[in-house]
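>>> got a sequence here, can you model it:
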Amino acid sequence: MSDTVIVLREECILAAEGKAGRSPRITGVRRIPLEGYGNTMEQWKKALSRYLEAASPEHVKLVLPVSYSTARATQIPYATGKQLYRMAENVMRESVSEGVADYGLIGGGKKQGWSLCCGGASQEFLNGLEEMIQELGLPVDSLTVPLEGYLQLLSYLKAPKNKTAIYLLFEENSVTSLLYKDGVYHYSTRSRIFSERGTLDFGTEIVRNISGMLQFYATTKAADPITDVYYGGCAADDFEAGVEGIRQMNLTVHPLEVRVPFDADGQPGDWLTCIGAMLSEKKDMNLYRAWLAENQEETKVAGSFWKHCIVPAVTFVACMAVFGGVSLWNHGVSREIRKLNEWMSEETVRNSYLQAQQRKQYSNELAASINQVNQMTENLATYPDLTNAMISRIEDVSGRDMNVEVQGVDMSTGTLSFNAVSREVIDIPGYISKLESTGLFESVNYTGYAYGDGEYTLALSCVLQAVEVKE
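So this is what the prediction gives:
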């Protein structure tokens, strides 16, 4: 049984065939350029039609283009079972607020936690994509985003293990830059490449990209310096244009070794997106399944409407048939019908019916409230309670010359917001380091710094350490 990955891009589609899983194998690759101009969906459809003339895929995973999807990667504390999935669902809802969303879990350990990749796409785009899939008869099982595949690939290669390094993964006219700190995902960005590969301008763009990553990393005040740069998807001769500039920043340059069974034409480094999408982990992103689930709910509502229409229609036909027979015994039956109508018109009967309806509505509202309370209890169990002891520890590390003003606690995300106020200039990095050393927080971020009325105010947003929830 063969698996197929198809990557949709603005200039072409890439297709790779082979075996998906934790140990993938690539047996064939194809690149089909887009022809003509105009509607991108129509161009994809024509390119896929040409592909289907030469291939008969059985199970297809589509990788959406960056311009038609959203993606965000983050780290969450280590957890297992229901606690892990509840935490991941909360982060996903915060990361992708609109459209269809799903997430994938990549790697994990008690020390570094889980790498979580959240992705999404608009309902309108997915509707058009589904129409194209059905028209072509393409056997699609899954939809994902490129970033998930890159994270899966680096986890599989164990390239970032115990290193603080930058990874440059090139596509046609763009590069995705990923920063790993001590072997754990930290940050990523995607940039357009405007220069021809191998030229001096190309080298300048690469050096400028890495310089931006270094500047970002410097703001985190991390102790471990960035030591290495790895690149993939770009020929060594072309990348040579930027090597000297990178080395001048005291960084060591390495080509990324993609050690995956590759029984096809070309080099594995030119098919990184396909190889990453072939990898499978604990829980993979699948926007197609999420889209189907949402549309099934809509279908159920529509089906319920027609079901309610059928019952009255059948009743009407039955009544007409009965009416034809009843007309033979018109006098006797008419008398019974009059009695029944009189009974239905009685005030006591109407009042009883209204009371039954009100009780049913009250019961439904009560059940919904109970479910809401239970859901809120489950969500809050993921994060710790803010206690007086915690506030005292924060005040202790702040010192006598600084006041701590708690602004609020978002228990759905475990985020504590407070201001540190002092008449002296606040050593922001030192103060943040003290807060991190308390062990109370998963992360400490300052969101603003102001001076007024003779006081310096530092605004902070800190995520409390998650607690273990017993299954």
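
>>> all helices of the stretch 151-300 of the chain, in order?
200-219, 236-247, 272-278, 287-326 (DSSP state H, counting those that start in this stretch).

>>> pLDDT-wise, which helix or strand of the chain ranks last?
helix 287-326 (a mean of 63; mean pLDDT, DSSP states H and E).

>>> tell me where the model's unsure across the stretch 1-150 of the chain.
1, 95, 97, 108 (pLDDT under 70).

>>> what do you get if the cut-off is 80, keeping everything else the same?
Along the stretch 1-150 of the chain, the model assigns pLDDT under 80 to residues 1, 78, 80-81, 84-85, 88, 91-98, 107-113.

>>> now the helices for it?
Under DSSP H, counting those that start in this stretch, the stretch 1-150 of the chain gives helices at 40-54, 81-95, 123-136, 146-157.

>>> neighbours of residue 25, how many?
When counting by other C-beta atoms under 10 Å, one arrives at 17 neighbours for residue 25. (Glycine included, C-beta is placed from N, CA and C.)

>>> quick check: it touching residue 17?
No - Residue 25 lies out of contact with residue 17 (C-beta atoms under 8 Å); the separation is 9.8 Å.

>>> list residues touching both of these two?
Contact with both residue 25 and residue 17 is made by no residue, according to C-beta atoms under 8 Å, 6 or more residues apart in numbering.

>>> skipping adjacent residues, who's closest to residue 181 in space?
residue 164 (5.1 Å; C-beta to C-beta, 6 or more residues apart in numbering).

>>> need the phi and psi values for that neighbour.
Per-residue torsions, residue 164: phi -110, psi 100 (degrees, to the nearest 10).

>>> closest to the centroid, which residue in this protein?
For the chain, the residue nearest the mean C-alpha position is residue 118 (1.4 Å; C-alpha atoms, centre = their mean).

>>> quick one: residues contacting that residue.
71, 72, 73, 74, 91, 92, 95, 96, 101, 102, 103.

>>> again, but for residue 195
Residue 195 sits in contact with 201, 202, 204, 205, where contact means C-beta under 8 Å, 6+ apart.

>>> now a ChimeraX select for only the buried ones of these.
A single ChimeraX command selects the buried members of these (16 or more other C-beta atoms under 10 Å):
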select :202,205
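
>>> in TSV, list the contacts of residue 118 along with neighbour count and distance to residue 124.
As requested, the contacts of residue 118 are arranged in TSV below (neighbours: other C-beta atoms under 10 Å; distance: C-beta to C-beta, whole Å):
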residue	neighbour count	distance to residue 124
71	23	18
72	18	21
73	22	25
74	19	27
91	19	25
92	20	20
95	19	20
96	21	15
101	20	15
102	26	17
103	27	21
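
>>> and the two most separated of these?
With C-beta to C-beta as the measure, no two of the contacts of residue 118 lie farther apart than 74 and 102, at 14.7 Å.

>>> tell me the contacts of the residue lying closest to residue 117 once chain neighbours are set aside?
Using C-beta to C-beta, 6+ apart and skipping residues adjacent in sequence, the residue nearest residue 117 is residue 148, 4.4 Å away. Under the criterion of C-beta under 8 Å, 6+ apart, the contact list for residue 148 reads 71, 104, 106, 117, 119, 276, 277, 284, 285.

>>> pick the one among those residues closest to residue 3.
Using C-beta to C-beta, the contacts of residue 148 come closest to residue 3 at residue 277, 9.6 Å.

>>> just want the angle from the helix or strand hosting residue 365 to helix 81-95.
Element membership of residue 365 [criterion: DSSP states H and E] is helix 347-381. Per axes from the mean of the first three to the mean of the last three C-alpha atoms, to 10 degrees, the angle that helix 347-381 makes with helix 81-95 is 100 degrees.

>>> helix or strand right after helix 347-381?
helix 388-398.

>>> for the helix or strand following that following helix, which positions count as buried?
Later in the chain than helix 388-398, the nearest helix or strand by DSSP H and E is strand 402-410. Residues of strand 402-410 classed as buried by neighbour count (16+ other C-beta under 10 Å): 402, 404, 409.

>>> same check, this time on stretch 280-299
280, 281, 283, 284, 285, 286, 287, 288, 290, 291.

>>> just the residues you listed now: which is nearest residue 65?
residue 287 (12.9 Å).

>>> hmm, that closest one is touching residue 120, no?
Yes - at 7.1 Å, residue 287 counts as touching residue 120 under the criterion of C-beta under 8 Å.

>>> which neighbours do those two share?
In contact with both residue 287 and residue 120: 69, 100, 101, 102, using C-beta under 8 Å, 6+ apart.

>>> contacting residues for the last one?
In other words, residue 102. 92, 118, 119, 120, 285, 286, 287, 289, 290.

>>> go again using 6 Å as the cut-off
285, 286, 287, 290 (C-beta atoms under 6 Å, 6 or more residues apart in numbering).

>>> same check, this time on the first one
Neighbouring residues of residue 69 by C-beta under 6 Å, 6+ apart: 121, 145.

>>> where does it fall, phi/psi-wise?
Dihedral pair for residue 69: phi -150, psi 170, per degrees, to the nearest 10.

>>> buried ones in stretch 17-24?
17, 18, 20, 24.

>>> distance of the closest residue to residue 49 other than its chain neighbours relative to residue 226?
Once flanking residues are discounted, residue 49 sits nearest to residue 136: 6.5 Å by C-beta to C-beta, 6+ apart. Between residue 136 and residue 226 the computed distance is 45 Å (C-beta to C-beta, to the nearest Å).

>>> what about those two, which has more around it?
Neighbours per residue, other C-beta under 10 Å: of residue 136 and residue 226, the larger number sits with residue 226, 21 against 15.

>>> next, that one: phi, psi?
phi -70, psi 130.

>>> contacting residues around it?
164, 217.

>>> quick one, the strand ranked longest in the chain and helix 388-398 angle?
Ranked by residue count and defined by DSSP state E, the top strand of the chain is strand 441-452. Relative orientation of strand 441-452 and helix 388-398, computed by the same axes, to 10 degrees: 60 degrees.
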